[in-house]
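sequence-free structure coming up:
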């Protein structure tokens, strides 16, 4: 059902202000009439000079009181209208910004000036919300564009291979099938990574107490053959690190970090160290690897989707989809933690994941 148009907030405030002024005037006039005129007798006062009685005073007082009430009503309405407009001006600016936001313009800001009050706090919160929305929309648009490009690539490769094979009488069917299988496997890997990233962002998972140190050992054990083929020495250790979260997602987090450290390492003689430790209020997973020297500006972009770092290339052993660190960061954020990337002075990267301790110490 359509909503009926009611009075504006400015009109309501105006009538409220005018009502308070008029009511105050009535009370004042009533006080004069009740507590002053009551002491004046209504009978004819005999004196050498004219002395008005109560009736005389009322006849003189009532017209003046009526005129005063008219003035008070006018002042209440006019002053109330101006004051209401001045008070509601910040809300008008916030409303205009909200209308622009609904039209897709998230770059506009209220930027309310003046002393800090309730309206200023509301405007600042609204500006902060717009800023976060703008950043999220920009990230989603960039992610959608990158994802479309990444998904289009294997499909285009498959189509090209099929078209070439159709016109080539000497085609090698076994080689074609093998190549198509590789391309299809990459498309599936990318799709699964996108689904995992979406699941982490929605935070739709059951939480339980999980020990990161055990997950780290499992990840290293599973990836040890890959590390051996690449000549990377992997070391794992540390104290128990219990966290509250999804065992599957946290296992994916640890696996992504260890895999990333193994793949993006030195061509020969590389090393990876995986450690866990706990503080009274948080637990940490640290994955450190050797590798090329990474500048700080490039490290800051590694958690963006489809970023593969400096000169990171795909090979037959591990193609990668550029979502490893992006997924790790989303999973960390979904568990209320933070992921910190620090470049090593000698080359390589230190990835530190901080997660809340499920049993924080009251004395910590």
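That came through fine. These numbers were taken from a predicted model, which means no experiment stands behind them.

I'd guessed residue 222 sits against residue 251; true?
No. Counting by C-beta atoms under 8 Å, residue 251 is not a contact partner of residue 222; they are 9.6 Å apart. (Each C-beta comes from the backbone N, C-alpha and C, glycine too.)

who's more crowded, these two?
With neighbours defined as other C-beta atoms under 10 Å, residue 222 and residue 251 compare such that residue 251 has more, 19 against 13.

show me the contacts for that one.
215, 218-219 (C-beta atoms under 8 Å, 6 or more residues apart in numbering).

where are the low-confidence patches of the stretch 251-364 of the chain?
305-322, 361-364 (pLDDT under 70).

show me the contacts of residue 251 that map onto helices.
215, 218-219 (DSSP state H).

now the residue lying closest to residue 246 once chain neighbours are set aside: which helix or strand?
Nearest residue to residue 246 in three dimensions, chain neighbours excluded: residue 205, at 3.9 Å (C-beta to C-beta, 6 or more residues apart in numbering). Here residue 205 is covered by no helix or strand, with elements defined by DSSP states H and E.

going forward, count from 17.
New numbering, starting at 17: the last item is residue 221.

how many neighbours does residue 24 have?
Neighbour number of residue 24 under other C-beta under 10 Å is 11.

what's the distance between it and residue 108?
11 Å (C-beta to C-beta, to the nearest Å).

next one: residue 25
Distance from residue 25 to residue 108, by C-beta to C-beta: 10 Å.

picking up where we left off before, of the contacts of residue 267, keep whichever come out buried.
In the contacts of residue 267, burial by neighbour count holds for 231, 235, counting by 16 or more other C-beta atoms under 10 Å.

which phi and psi values does residue 131 adopt?
In this entry, residue 131 is assigned phi and psi values of phi -70, psi 160 (degrees, to the nearest 10).

just give me the neighbour total for it.
5.

for residue 273, same thing?
Neighbours of residue 273 (other C-beta under 10 Å): 28.

before we move on, what about residue 232?
Residue 232 - counted by other C-beta under 10 Å - has 25 other residues nearby.

so the nearest residue to residue 234 once chain neighbours are set aside, which state does it fall into?
Excluding the flanking residues, the one nearest residue 234 by C-beta to C-beta, 6+ apart is residue 267, at 7.0 Å. With DSSP: H, G, I helix; E, B strand; the rest coil as the basis, residue 267 sits in helix.

swap in residue 251?
strand.

right, and it touches residue 289 too?
Yes. Assessed by C-beta under 8 Å, residue 251 is found in contact with residue 289 at 4.9 Å.

who's more crowded, those two?
Taking other C-beta under 10 Å, residue 251 and residue 289 do not tie; residue 289 has more neighbours (17 against 11).

correct me if wrong, but that one is in a strand.
Yes. Judged by three-state DSSP, residue 289 forms part of a strand.

next up, the contacts around it.
250-252, 302-305 are the contacts of residue 289 under C-beta under 8 Å, 6+ apart.

what ranges do the strands span in the chain?
For the chain, the strands defined by DSSP state E occupy 224-227, 248-254, 258-261, 286-294, 298-305, 354-359, 365-372.

tally up the residues packed near the residue nearest to residue 262, please.
17.

check residue 171 too.
Neighbours around residue 171, by other C-beta under 10 Å: 12.

how near is it to residue 271?
27 Å.

return the residues in contact with residue 301.
So residue 301 contacts 228, 232, 257, 269-270, 273, 290-292, 368-369, 371 (C-beta under 8 Å, 6+ apart).

for residue 226, same thing?
Residue 226 neighbours (C-beta under 8 Å, 6+ apart): 258-263, 266.

pLDDT score for the residue nearest in space to the middle of the chain?
Nearest to the geometric centre of the chain sits residue 148, at 5.1 Å (C-alpha atoms, centre = their mean). With respect to pLDDT, residue 148 scores 83.

how close does it sit to residue 154?
Residue 148 is 11 Å from residue 154, by C-beta to C-beta.

same deal with residue 102?
Note on residue 102: its distance to residue 154, by C-beta to C-beta, is 36 Å.

just residue 44 next, same as before
From residue 44 to residue 154 the distance is 60 Å (C-beta to C-beta).

residue 311 too?
For residue 311, the distance to residue 154 (C-beta to C-beta) stands at 23 Å.

if we can go back for a sec, out of the strands of the chain, nearest to residue 197?
strand 248-254 (27.1 Å; C-beta to C-beta).

and residue 375, what does it touch?
Here residue 375 is in contact with residue 258 (C-beta under 8 Å, 6+ apart).

phi first, then psi, for it.
Dihedral angles (degrees, to the nearest 10) for residue 375: phi -130, psi 70.
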